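Asks: Sharing a model that was predicted from the sequence below.
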Amino acid sequence: MTTSRKHSANVDTEISAGESPSGGQLPLSQRAMARTGAPYLQGLNSEQRLAVETLEGPVLVLAGAGTGKTRVLTTRIGHILATGLARGSEILAVTFTNKAAHEMKERVGSLIGMAVEGMPWLGTFHAIGVRLLRRHSELVGLKSGFTILDTDDQIRLLKQLLEAEKLDAKRWPARQLANMIDGWKNRGLIPSKVPAGEGHSFAEGRGVKLYAAYQARMKELNCVDFGDLLLECLRLFQEHSDVLAMYHQKFKYILVDEYQDTNVAQYLWLRLLAQGTKNICCVGDDDQSIYGWRGAEVENILRFEKEFPGGKVIRLEQNYRSTGHILAAASAIIAENKGRLGKTLRTDDAMGHKVLVQGFWDDAEEARMIGQRLEEMRKTGDNLNQCAILVRASFQMRAFEDRFVTMGLPYRVIGGPRFYERLEIKDATAYLELTVNPTNDLKFERILNTPKRGLADATLQVLHNHARARSLHLMQAAREIVETEELKPKARKSLRDLLAQFDGWRSHVAHMPHTELAQMILDESGYTTMWQQDPNPTARTRLENLKELIRFLGEFETLQGFLEHVSLVMDVDAGDDGERVSIMTLHGAKGLEFDTVFLPGWEEGLFPHQRSLDESGVSGLEEERRLAHVGITRARKFAAISFTQNRRVHALFQSQMPSRFVDELPEAHVEVAAARTGYSNGGAYAQSRFDEPAAGFTHQYETPGWKRAQAQFAQQANTFQRGAPPLRQQKRPVTIDGDLVASSARASSTYKVGDQVRHDKFGAGTVAEIDGNKLTVDFADSGRKKVVETFVSLL
DNA sequence: GTTCGCTCACTTTTT
DNA sequence: GTGAGCGAAC
């Protein structure tokens, strides 16, 4: 490190003075670069610089925690572009998450000052997969407008298949089948390639047959699931060598982020593409591979040199994040693992605080003590945003939430259900999707009777039969059915009304702003009303979410653009401010860092998790250990590990043993928290049972006072967290809100023909027609438009 | 067609 | 202890 700092300093001198002692040792090209100015290379250490500049041939960058992995990746892209070796469109850069893709785009952009559009092939495996498939859909038996199934749709489809096979849904749950199929897809196996015997575990050996049926059905519906986005690409490349050759030509450089998380399918995909230039650079850390359970193969990274002949391995071992003791503790733990490539992290930072190890009586005490510590920190001015509690399993979060609610300590839970996984958001997008694309049967099923309109299973059955007999999609089948006597009058009318509504909405797609159309759809369909009338307190949040959805929709040009995005990008950043402690799982914390990290629940059976040990034995244990390593390395300045003697496991209290990982911590870098009464006899780590007279506390969880506090907090949190609503209502027109009734039902409009109105987007205009809450307005600048009245104001 | 109540399972989670 | 999902009763 020191050498490289000197080194970059030399480059500086060289530019100004034109001479340098080390200048002569540098390759010409690099000296030239330094002269023309390669500011992005400055500040890199020698390892990083090597990783950036080794462009030819396969390279594996083993980037330990906090060693500047993303920096290397983005600088490498910048370097390729700056040296003119390839254009943005000739670089394939893949990540796992959208978040990572975004970050990379942003950082490359600011590094090079280049437009993001210049890198069309920077994205997630799945996003790039879609892109490839859309281009060549016909070659894999799809039509270009194919849709992507989410997990919900997938399960729904599988359920139908199971039903058709007359299999007991209870004995053979669709979810299990879905997992099995996903597993196969992760391994790049199409139905015919599944090893004999594997499907036998499901439904008396019908597993593979069901998989094949599922694939066939998806083709009929012109859709794919997430796994297919890769699998179908593989098939495309394997069966159409000309297409593959084209991409070999195209992609001059390939970069892969988080390589340790790739599954077999992704590996095969990469290998096929890398056969072209062989310039593939994989960045990853075998010590941070924690996704084995969802198909990631650490083997991919361990075997890199074998699989990519001539490949170089570059290790980044200089850690810029954590202080000495923390790094030493993390290193000692991971050193226990056998199957690893091996790295030695080092830091120039001070030793800092030792890692604190502390035992507690139970999870309530654990939460209380951590809460207390956080409170003290807050009082002394520490930023709670820089503090995190990282748990192994989400049920552990509860104790902390309960405690923090009582204390009034602000916190945020990261990793709950994603925005687009919420029921109301899925329902709403289903309506939007159907308006644009009436052939999406799974979405049609989803909303047919939501809100309740008397169109349940019986009706659906009729529609299904008709659709199958005449090979129509459900919406079309419905159209034909309402013309017959097939349905009871009530259902028939209800269905006819629904179809008419969709026709109405569809007629607006072309000329009505899509946010307004979306609002109209949600109002007229009765969906908003459904939640407004729901006495459940969660309904409020759901309405808020719908509002957020409309707002988010506004960030897209068109409805179609939005929907395409939604199927792949499953998250919206809910920008919330205010200082809060983060509570999240260890998995969720990967890639993040905090000044202070609490690691509770280090107990045998919980961490390492029993199930991990049972199901995967030693490799399971090693993955858990990597998780421990990930956890500790999240901390910059302070890490506190704790365990409890007693924990509620399911319903009952269990006596717990400290995790074996606790004993693997190096004595020299750990401080065992001394309980106030002294624990020092016995040799075990502190049991702070006597620490604090727990008496009064245990009961308070049922007291009315506590419940009140909780309710109050929840309310506050609601208004506070969701923040803007009251404010936003004043600033911009209300979209969906508690008091907005299904607006088309409202008899009279507040406007009359001839009124002069203003619209945010279209400017001033004159009302020409009124239809319920929809106005036809002649705008001075934009001509005649249909708009929803809440979007305009009187001039 | 809807609602109620019983049973079951319960680690991690992205796209 | 709790929530989801399914089947049986209204």
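Replies: Cool, got the structure.
Asks: Below-threshold pLDDT in chain A: ranges please.
Replies: Across chain A, the ranges flagged by pLDDT under 70 are A:1-37, A:114-117, A:570-577, A:674-749, A:772-773.
Asks: Select the longest strand from it.
Replies: What stands out as the longest strand in chain A, according to DSSP state E, is strand A:635-648.
Asks: by contact count, what packs against the helix or strand following that strand?
Replies: Using DSSP states H and E, the next helix or strand after strand A:635-648 towards the C-terminus is strand A:653-655. When contacts are defined as 3 or more CB pairs under 8 Å, 6 or more residues apart in numbering; DSSP states H and E, strand A:653-655 packs onto strand A:635-648. Where C-beta positions appear, they are placed from N, C-alpha and C, glycine not excepted.
Asks: residue boundaries of the strands in the stretch 451-600 of chain A?
Replies: For the stretch 451-600 of chain A, the strands defined by DSSP state E, counting those that start in this stretch cover A:581-585, A:594-599.
Asks: So is the last one next to DNA strand B?
Replies: Put plainly, it is strand A:594-599. No: for strand A:594-599, no contact with DNA strand B is found by CB under 7 Å from any atom of the strand; the gap never falls below 14.3 Å.
Asks: Show me what that strand is packed against.
Replies: Using 3+ CB pairs under 8 Å, 6+ apart, strand A:594-599 is in contact with helix A:363-379, strand A:387-391, helix A:610-633, strand A:635-648.
Asks: What degree of burial does residue A:192 show, as a neighbour count?
Replies: 8 (other CB atoms under 10 Å).
Asks: Can you name the residue of the stretch 51-200 of chain A nearest to DNA strand C?
Replies: Distances between the stretch 51-200 of chain A and DNA strand C by CB to the nearest atom of the strand are smallest at residue A:169, namely 5.0 Å.
Asks: Could you say which helix or strand holds that residue?
Replies: Under the criterion of DSSP H and E, residue A:169 resides outside all helices and strands.
Asks: and the gap between it and DNA strand B?
Replies: Computed as CB to the nearest atom of the strand, to the nearest Å, the residue A:169 to DNA strand B distance reads 12 Å.
Asks: Repeat that for residue A:493.
Replies: Counting by CB to the nearest atom of the strand - residue A:493 and DNA strand B are separated by 13 Å.
Asks: likewise residue A:158?
Replies: 14 Å.
Asks: just to revisit the earlier point, tell me which residues of the longest strand of chain A are tucked away?
Replies: The neighbour-count check on strand A:635-648 (16 or more other CB atoms under 10 Å) flags A:635-647 as buried.
Asks: In CSV, list the residues you listed along with distance to DNA strand B.
Replies: Formatted as CSV, those follow (distance: CB to the nearest atom of the strand, whole Å):
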residue, distance to DNA strand B
A:635, 18
A:636, 22
A:637, 24
A:638, 23
A:639, 19
A:640, 20
A:641, 18
A:642, 18
A:643, 17
A:644, 17
A:645, 20
A:646, 18
A:647, 13
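Asks: Where do the strands of the stretch 301-450 of chain A begin and end?
Replies: With DSSP E, counting those that start in this stretch as the criterion, the stretch 301-450 of chain A has strands spanning A:312-316, A:355-362, A:387-391, A:411-413.
Asks: chain center to the shortest one: distance?
Replies: Looking back up the chat, that one is strand A:411-413. How far strand A:411-413 lies from its chain's middle: 17 Å, per CA atoms, centre = their mean, to the nearest Å.
Asks: List the pairing partners of that strand within its sheet, with orientation.
Replies: Strand A:411-413 sits in its sheet next to strand A:581-585 (parallel), going by DSSP bridges.
Asks: most packed of the strands of the stretch 301-450 of chain A?
Replies: strand A:387-391 (a mean of 27; mean count of other CB atoms under 10 Å).
Asks: out of the strands of the stretch 451-600 of chain A, deepest packed?
Replies: strand A:594-599 (a mean of 24).
Asks: Buried residues in stretch A:235-254, which are they?
Replies: A:235-237, A:243-244, A:247-248, A:250-254.
Asks: Next step: the residues you listed restricted to strands.
Replies: Under the assignment DSSP E, these contribute A:253-254 to strands.
Asks: so which of the buried residues of stretch A:235-254 comes closest to residue A:78?
Replies: Closest approach to residue A:78 among those (CB to CB): residue A:253, at 11.9 Å.
Asks: hang on, that closest one packs against residue A:277?
Replies: Yes: counting by CB atoms under 8 Å, residue A:253 does reach residue A:277; the two are 7.0 Å apart.
Asks: so what's residue A:281 up against?
Replies: Going by CB atoms under 8 Å, 6 or more residues apart in numbering, residue A:281 touches A:51, A:58-61, A:76, A:253-256.
Asks: for the closest residue to residue A:192 other than its chain neighbours, phi and psi?
Replies: Among residues not flanking residue A:192 along the chain, residue A:212 sits closest, at 7.8 Å (CB to CB, 6 or more residues apart in numbering). When read as degrees, to the nearest 10, the backbone of residue A:212 gives phi -60, psi -40.
Asks: So residue A:212 versus residue A:232, what's the distance?
Replies: Relative to residue A:232, residue A:212 is positioned 15 Å away (CB to CB, to the nearest Å).
Asks: More neighbours: those two, which one.
Replies: Comparing residue A:212 with residue A:232 by other CB under 10 Å, the one with more neighbours is residue A:232, at 24 against 15.
Asks: ok, now how distant is the more buried one from residue A:238?
Replies: Distance of residue A:232 to residue A:238, computed by CB to CB: 11 Å.
Asks: And for residue A:469?
Replies: In this view, residue A:469 and residue A:238 are 37 Å apart by CB to CB.
Asks: Check residue A:375 too.
Replies: Counting by CB to CB, the gap from residue A:375 to residue A:238 is 59 Å.
Asks: how near is the residue in the stretch 201-350 of chain A that DNA strand B sits nearest to to residue A:104?
Replies: Nearest to DNA strand B in the stretch 201-350 of chain A, going by CB to the nearest atom of the strand, is residue A:226, at a distance of 3.3 Å. Per CB to CB, residue A:226 is found 21 Å from residue A:104.
Asks: The two - which one has more neighbours?
Replies: residue A:104 (23 against 20).
Asks: How about the residues of the stretch 151-300 of chain A by DNA strand B?
Replies: So the stretch 151-300 of chain A meets DNA strand B at A:151, A:226, A:293-294 (CB under 7 Å from any atom of the strand).
Asks: Could you rerun that using 10 Å?
Replies: Within the stretch 151-300 of chain A, the positions near DNA strand B by CB under 10 Å from any atom of the strand are A:151, A:154, A:170-171, A:173, A:175-176, A:178-179, A:182, A:185-186, A:225-227, A:229-230, A:261, A:263, A:290-296.
Asks: Among the residues you listed, which ones are in helices?
Replies: Here DSSP state H is the test, and these give A:151, A:154, A:175-176, A:178-179, A:182, A:185-186, A:226-227, A:229-230 as lying in helices.
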